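Undergrad: Got a predicted structure plus its sequence, pasted below:
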Amino acid sequence: MIQKKWLLSLLLVVMAQLTAQAQIDWGWSWKDSAVIANKKMPQRAEFLANEFPYPPKPRSMWEIGISLGNSRIIGDVTNFKFGYGVGITARKALSNVVSLRGGILYQQTVGINPILSTNAPTDGFLTATTPYRAITGYDDYAKYAPANTNKALRAFAANYKNNSYTGTIDVIISTNTLSYYRGNPKWDIYLFGGYALVAANVTTRLTGSDSTSPFDFSALNYNGTKASIQNDVNAALNAANSPNKVAPLKNRRRDLGTGDMILTHAFSFGAGVSYKINDKINVGFENRFINTLNGDMDGLHTGRNDYFSYASAQIKINLGNKSRKVQPLYWLNPNNYVYNELNAPRHMKLAKPVLADADKDGVTDQFDLEPNTPLGAPVDSHGVSKDTDGDGVPDYKDKELLTPQQCFPVNTDGVGNCPDPACCKELKDLITNNKMPQPTVSTECTIGNLLSLPFRGNARLTKEAQQLLADAAVTIKANPACKIKVIGYGSASKSSQQLSWERVNAVVKYLVEKQGISESRLLFVYAQDGDAAMVDLQGTTEDGPNTVPAPHPNLKSKN
């Protein structure tokens, strides 16, 4: 009944949690270096550099569990009433599937056989209504025989009380951590097996209150139900004040102990299920079996090993700093990283897509409505050759791009049929006869040191400085063959380098935006050795950068 109540309580907790908001996070991010141990940092560096395909395993929390449940012995003597156990465990994940767990378990079990036992070759009856089970007697049990003249020594009802302490080391395999169809699990369904060391104190009641004279079990009725017989035997022993004494041990027992305690190696195995309430707490149910490799645990050794069965409800808490450790790895699906990258790549090196453009007009073939446009021909967003004046001749063939509509239709060169004005005819004749005066264009730069512009502690242009730059702009425009170096000084510190950049930028910006000088003619030079309060403008035919990013934007001055 108590087991059913515990199971019902657990189910109610689970059902309440199933209605809660679904889990949507991955549990941790591979970008978070805080959860990576120092010895794993080289692997992380290789992973981030795409030199190694696997992210390092993060540090994970310990899980501490407390259990309470029903303890039974599977052996030669029938369990009586409710045996209980209480335990504490510590579990550490080695991977997302395998973990190690150590624990200590205390159990108390009681048993009473509802049938008599005696030292005999075969089963039989003491009387017509009192059967017995034959055993091979040893120690105090060797005194019993069906034909013994002492009625109290003809048979006994095997009974025991076992108080045991068990240390366990388990290897646990989580079966549902890995999934291809969901994120992190809410359930941990696991199998386990491992080593156990059992220390047990086993007692039995075979005598009267004087601890010497044998108790007469044959005087009781053994024809009722199992439970009623056990209750009758227990009541009779209580009434006789029968004391608990160390149970007889078989001479060739398989234990490590001496004295009253039995100390034996054991093998433990079982299965369990846990439900995660949140990232810190989970509850569960587990059934553990312990093969004690010993037959004395129930006070009667018939040649078979006795097993403990411990069915328990558990509550488990994850211990650790959440900022430095993730929850135990068996609560994290290792496929999270893989599927997250497939869905939204943040780490994979993806090749830049190359879209075919056969005619190289800047419109890919899949959107190009005119896939064979001649090289260099201007096209619209659909890859169709432009026809600015709408005369039916594409611009790359049209010798008269803006033919008036009144001059339509046009010839194959896109030229309209309107007669040329007199002035235009004269110009054409001059061009045809090569008599058009040709302007002379200088290809040499005659500008030297154009201007030295002083600043006062910041990068703001004063009215005087703007006037000087306006005058310099006239000279720059008059010398189209020249490029202008805008040179700032100050390299002693990061702040002086940033201020030098800001002053050069202010001069370039003024000349471009206010004076209409093409930015391509202005060479951006800063942080040179010299007077940090000055910006020089020098003519040159050299090439150089027109824009340069700020070296230390965090040190930007307050103009």
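TA: All right, it came through fine.

Undergrad: quick one: low-confidence parts of the stretch 301-450 of the chain?
TA: Along the stretch 301-450 of the chain, the parts satisfying pLDDT under 70 run over 420-443.

Undergrad: By residue count, which helix of the protein is the longest?
TA: Under DSSP state H, the helix in the chain containing the largest number of residues is helix 494-513.

Undergrad: Any buried residues in that one, and which?
TA: Residues of helix 494-513 classed as buried by neighbour count (16 or more other Cβ atoms under 10 Å): 496-508, 510-512. No exception for glycine: its C-beta is placed from N, CA and C like everyone else's.

Undergrad: Pick the one among those closest to residue 175.
TA: Comparing those against residue 175 with Cβ to Cβ picks out residue 498 as the nearest, at 60.0 Å.

Undergrad: Do you know the pLDDT at residue 233?
TA: Residue-level confidence at residue 233 comes out at 96, pLDDT.

Undergrad: I'd assumed residue 133 was in a strand, is it?
TA: Yes. With DSSP: H, G, I helix; E, B strand; the rest coil as the criterion, residue 133 is assigned to a strand.

Undergrad: mean confidence for stretch 170-187?
TA: If you average the pLDDT over stretch 170-187, you get 93.

Undergrad: buried sites along it?
TA: 170, 172, 173, 174, 176, 177, 183, 184, 185, 186, 187.

Undergrad: Among these, name the ones in helices.
TA: Filtering those for helices - DSSP H - leaves nothing at all.

Undergrad: And the furthest pair within these?
TA: Largest separation among the buried residues of stretch 170-187 by Cβ to Cβ: 170 and 183, giving 27.1 Å.

Undergrad: about what we covered before: where's the longest helix of the chain relative to the chain centroid, distance-wise?
TA: Helix 494-513 sits 47 Å away from the centroid of its parent chain (Cα atoms, centre = their mean, to the nearest Å).

Undergrad: Give me the contacts around it.
TA: Contacts with helix 494-513, where a contact means Cβ atoms under 8 Å, 6 or more residues apart in numbering, come from 453, 455, 458-461, 466, 469, 473, 476, 484, 486-491, 517-519, 522, 524-528, 532, 535, 537, 548, 550-553, 555-557, 559.

Undergrad: ok, then the element right after it?
TA: Sequence-wise, the next helix or strand beyond helix 494-513 is strand 522-528, with elements assigned using DSSP states H and E.

Undergrad: What helices and strands are in contact with that following strand?
TA: Here strand 522-528 touches strand 483-489, helix 494-513, going by 3 or more Cβ pairs under 8 Å, 6 or more residues apart in numbering; DSSP states H and E.

Undergrad: can we see that at 10 Å?
TA: Taking 3 or more Cβ pairs under 10 Å, 6 or more residues apart in numbering; DSSP states H and E as the contact definition, the neighbouring helices and strands of strand 522-528 are strand 483-489, helix 494-513, strand 534-540.

Undergrad: just how off-centre is that strand within its chain?
TA: In this view, strand 522-528 has its centroid 49 Å away from the chain centroid, taken as Cα atoms, centre = their mean.

Undergrad: Tell me the buried residues in that strand?
TA: Of the residues in strand 522-528, those buried by neighbour count under the rule 16+ other Cβ under 10 Å are 522, 523, 524, 525, 526, 527.

Undergrad: quick one: average confidence on it?
TA: When pLDDT is averaged over strand 522-528, the result is 90.

Undergrad: where does the stretch 151-300 of the chain dip in pLDDT?
TA: Low-confidence regions of the stretch 151-300 of the chain, defined here as pLDDT under 70, cover residues 251-259.

Undergrad: And the strands in it, which stretches?
TA: 159-174, 187-204, 245-246, 261-276, 281-291 (DSSP state E, counting those that start in this stretch).

Undergrad: give me every residue that touches residue 272.
TA: Under the criterion of Cβ atoms under 10 Å, 6 or more residues apart in numbering, the contact partners of residue 272 comprise 65, 67, 172, 188-192, 284-288, 311-312, 314.

Undergrad: Excluding chain neighbours, what is closest to it?
TA: Counting by Cβ to Cβ, 6 or more residues apart in numbering, residue 286 is the residue found nearest to residue 272 once chain neighbours are left out, at 3.2 Å.

Undergrad: Now the terminal residues of stretch 78-92, how far apart.
TA: Chord length of stretch 78-92, first to last residue, is 37 Å (Cα to Cα, to the nearest Å).

Undergrad: roughly how far is it from the heart of the chain?
TA: Shown here is stretch 78-92, whose average C-alpha point lies 34 Å from the average C-alpha point of the whole chain (Cα atoms, centre = their mean).

Undergrad: so how far is residue 121 from the residue nearest to residue 143 when sequence neighbours are not counted?
TA: With Cβ to Cβ, 6+ apart as the measure, residue 153 is the residue that lies nearest to residue 143, at 5.3 Å, once sequence neighbours are left out. Here the criterion is Cβ to Cβ, to the nearest Å. By it, residue 153 lies 18 Å from residue 121.

Undergrad: Wait, a strand at residue 451?
TA: Yes. Assigned with three-state DSSP, residue 451 falls within a strand.

Undergrad: Do you know the pLDDT at it?
TA: 87.

Undergrad: just the helices in this structure please.
TA: So, for the chain - with DSSP H - the helices run 2-18, 41-48, 226-239, 335-343, 422-432, 463-478, 494-513.

Undergrad: got those as JSON lines, with distance to residue 219 columns?
TA: Conversion of the helices of the chain to JSON lines gives the following (distance: least, Cβ to Cβ, whole Å):
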{"stretch": "helix 2-18", "distance to residue 219": "33"}
{"stretch": "helix 41-48", "distance to residue 219": "76"}
{"stretch": "helix 226-239", "distance to residue 219": "8"}
{"stretch": "helix 335-343", "distance to residue 219": "69"}
{"stretch": "helix 422-432", "distance to residue 219": "144"}
{"stretch": "helix 463-478", "distance to residue 219": "124"}
{"stretch": "helix 494-513", "distance to residue 219": "103"}
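
Undergrad: out of these, deepest packed?
TA: Each of the helices of the chain was assessed for mean neighbour count using mean count of other Cβ atoms under 10 Å. The highest is helix 494-513, with a mean of 20.

Undergrad: can you give me the angle it makes with helix 463-478?
TA: In terms of direction (axes from the mean of the first three to the mean of the last three Cα atoms, to 10 degrees), helix 494-513 departs from helix 463-478 by 60 degrees.

Undergrad: what angle separates helix 494-513 from strand 534-540?
TA: Angle between the axes of helix 494-513 and strand 534-540 is 50 degrees (criterion: the same axes, to 10 degrees).

Undergrad: give me phi/psi at residue 122?
TA: Recorded main-chain torsions at residue 122 are phi -140, psi 160, according to degrees, to the nearest 10.

Undergrad: for the closest residue to it other than its chain neighbours, what are its contacts?
TA: Spatial nearest neighbour of residue 122, excluding adjacent residues (Cβ to Cβ, 6+ apart): residue 134 at 5.2 Å. With Cβ under 10 Å, 6+ apart as the criterion, the residues that contact residue 134 are 117, 118, 119, 120, 121, 122, 123, 124, 146, 302.

Undergrad: so what's residue 134 bridging to?
TA: When bridges are assigned using DSSP bridges, the partners listed for residue 134 are residue 118.

Undergrad: how close does it get to residue 222?
TA: 15 Å.
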